[in-house]
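Chemist: This is a predicted model, with the sequence first.
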Amino acid sequence: MIKVGIAGASGYTGIELIKLISNHPEARLEAITSGSYTGKPLTDIFPSMRGFESLICEELDAKTLSSRVDLMFLALPHKVSMAHAAPLVEQGIKVIDLSADFRFKNPGTYEMAYQPHTAKDLLAESVYGLSEIYRDQIKTARIIGNPGCYPTTILLALLPLIKENLIEPDGIISDSKSGVSGAGRSLSLSTHYCEVNESFAPYKIGNHRHTPEIEEILSLHGKQDIKITFVPHLVPVMRGMVSTIYGQAVKSARLTDIRRAYEKYYSEEPFVRLLPEGFFPAMSHVRGTNCCDIGCHFDENTGRIILVSAIDNLLKGAAGQAVQNMNILFGLPDERGLNYVQTPL
């Protein structure tokens, strides 16, 4: 039985982790922490969790947790996790960090987007937790940097084509849409109901922090410097994410080659679903699941590849992928505790 702790239990990702671990057949939730709600029961934060009154938020202290947990999920804000990860790892606790603090190999890239990194030694050994791509490295990791939600949709769709040299590395565009829960539970004017409802708008054009994360992974696998035009949009739904990606096919590529590449990389993967030719995913098709659905189209007139990728931003984009990484780390099947079917209604 894997003994689990969850830091940042009061956020949307934190509560998703609590629900997943509480129903996991081979994991037991031993501790939850929250800086804002220390000493308070979980039910004070989330009344829907009646029956879990015994879960009391505590302070995040590595020494106290060392005898109680094997693994700690850090569902903390960016720039906060790095202060807690090193003490936990030093105590022999495995760490899966859901912030951006351990996603980058190049500390300079992280620092340009966020702040000076205070745990560079640990950053150097962290494994990027895109489960289907970094499985072998995840198996032996001490610390895993869980990917961002937008990067998950974009990278799962693009990497097979990048690795098989089927898409030109220049001129890739991702037009991406996210539900409001992607902004987290903290209050802000931009995610206020009156601002978001019955509206639709792009945000952070040209300076979204997920762009360097996406570009670093694409460049590593493409073996060259790859830049991408990434435009995120906020849509008035609670959860879900769709990325529509445009790129130029190499001259010899055809739709059969593109589909064959996805089958090569994902045919044995339980949570990546390549849709039949002519079908494309929707948010409602993946809501409440750990699945990434991918549809692809090849425009013979322009030679352009059009990819559509959809996930639940709180699950495959955060908590679900984190649990999938836990399963890989502890030698369990990917789908353990995640293999349920969620209807769209």
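Modeler: Ah, there it is. In this text, all values refer to a predicted model and were calculated from it rather than measured experimentally.

Chemist: And stretch 262-282, how far out from the chain middle?
Modeler: The offset between the C-alpha centroid of stretch 262-282 and the centroid of the whole chain comes to 18 Å, using CA atoms, centre = their mean, to the nearest Å.

Chemist: could you pull out the strands for the stretch 1-150 of the chain?
Modeler: Using DSSP state E, counting those that start in this stretch, the strands assigned to the stretch 1-150 of the chain run over residues 2-7, 27-33, 57-58, 71-74, 94-97, 127-128, 143-145.

Chemist: if we compare those, which one ends up closest to Ile173?
Modeler: Nearest of the strands of the stretch 1-150 of the chain to Ile173, taken as CB to CB: strand 127-128 at 22.9 Å. Heads up, the C-betas are built off the backbone N, CA and C, glycines and all.

Chemist: ok, Tyr110 - contacts?
Modeler: Each residue near Tyr110 by CB atoms under 8 Å, 6 or more residues apart in numbering is listed here: Ala100, Asp101, Arg103, Phe104, His117, Leu123, Pro212.

Chemist: Assign the spatially closest residue to Arg273 that is not a sequence neighbour to helix, strand or coil.
Modeler: With sequence-adjacent residues excluded and distances taken as CB to CB, 6 or more residues apart in numbering, Arg273 is closest to Asp293, at 4.9 Å. Asp293 carries the three-state label strand when classified by DSSP: H, G, I helix; E, B strand; the rest coil.

Chemist: if we can go back for a sec, quick one: closest of the strands of the stretch 1-150 of the chain to Ile217.
Modeler: So among those, strand 127-128 is nearest, using CB to CB, at 6.6 Å.

Chemist: That closest one pairs with which strands?
Modeler: strand 143-145 (parallel) (DSSP bridges).

Chemist: so for the strand it pairs with, what's the average pLDDT?
Modeler: Mean pLDDT, strand 143-145: 98.

Chemist: circling back: just put the strands of the stretch 1-150 of the chain in TSV and tack on distance to Ser48.
Modeler: Rendered in TSV, the data for the strands of the stretch 1-150 of the chain read as follows (distance: least, CB to CB, whole Å):
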stretch	distance to Ser48
strand 2-7	17
strand 27-33	15
strand 57-58	16
strand 71-74	20
strand 94-97	24
strand 127-128	33
strand 143-145	29
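
Chemist: Let me have those in TSV, extended by distance to His285 and mean neighbour count.
Modeler: As requested, the strands of the stretch 1-150 of the chain are arranged in TSV below (distance: least, CB to CB, whole Å; neighbours: other CB atoms under 10 Å):
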stretch	distance to His285	mean neighbour count
strand 2-7	28	24
strand 27-33	27	22
strand 57-58	35	22
strand 71-74	27	28
strand 94-97	26	25
strand 127-128	26	23
strand 143-145	27	28
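
Chemist: For Ser219, find the nearest of these.
Modeler: strand 127-128 (12.7 Å).

Chemist: For that closest one, give me every contacting residue.
Modeler: With CB under 8 Å, 6+ apart as the test, strand 127-128 has contacts from Arg103, Lys105, Tyr134, Gln137, Ile138, Ala141, Ile143, Ile144, Gly145, Pro147, Ile217.

Chemist: and the last one, what pLDDT?
Modeler: You'll see Ile217 listed with a pLDDT of 98.

Chemist: Am I right that it is in a helix?
Modeler: Yes - secondary structure of Ile217 (three-state DSSP): part of a helix.

Chemist: can you start the count at 43 instead of 1 from here on
Modeler: Shifting the count to begin at 43 puts that one at Ile259.

Chemist: before we move on, the earlier item: let me know the closest of the contacts of Tyr152 to Glu311.
Modeler: The shortest separation between Glu311 and any of the contacts of Tyr152 is 20.8 Å, and it belongs to Arg145 (by CB to CB).
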